[in-house]
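[1] predicted model follows, preceded by the sequence.
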Amino acid sequence: MTELLNEKKNILHEGNRLKENFYVAKSMIKPLGLGYQEIDICPNFCMLYYLENTELNKCRTCEHARYNPRIDWDKTLIAHRKLRYFTITPKLQRLFMSLKNVVHMTWHHLHDAVDGAMIHLFDREA
């Protein structure tokens, strides 16, 4: 990712404010609250290790191991595959924080339907 950022920075004009490495870019995004939840999944995409399956160490369907085999048995286990789930709730809360966005987000709720069908401003007669 750092190499990609450096390549993009070289393409842009002088004085651009693109961050120089992945760590700095990630540290700027984190306070925005736009994170994600990582969920381990079976390498064959059979199941998610989520909710009642979080304690399982192998897939119920194909019986593939959840974690990569490790030579050095330290405390961290690394899953074969991970799903990154981007929750929508914080993003919607951010949209509703701005009065300018609230008008657009609630337009359909505030306007009546014509002949039982909801009509958007762009769909009206010119």
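    All right, it came through fine. Numbers count the residues shown, from 1 in each chain.

[2] going forward, measure contacts and count neighbours with C-alpha atoms only.
    OK.

[3] dump the residue contacts of residue 49.
    39, 40, 41, 42, 55, 56 (CA atoms under 8 Å, 6 or more residues apart in numbering).

[4] and what of residue 1?
    Contacts of residue 1 by CA under 8 Å, 6+ apart are 21, 22.

[5] where does residue 45 land in three-state SS?
    Three-state assignment for residue 45 (DSSP: H, G, I helix; E, B strand; the rest coil): coil.

[6] I'd like the contacts of residue 49 written out as CSV, with secondary structure added.
    Output for the contacts of residue 49, formatted as CSV (three-state DSSP):
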residue, secondary structure
39, strand
40, strand
41, strand
42, coil
55, coil
56, coil
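
[7] got the domain boundaries for the chain?
    1-32, 36-85, 88-126 (automatic domain parsing).

[8] quick check: the gap between residue 89 and residue 37.
    The spacing between residue 89 and residue 37, counted by CA to CA, to the nearest Å, is 13 Å.
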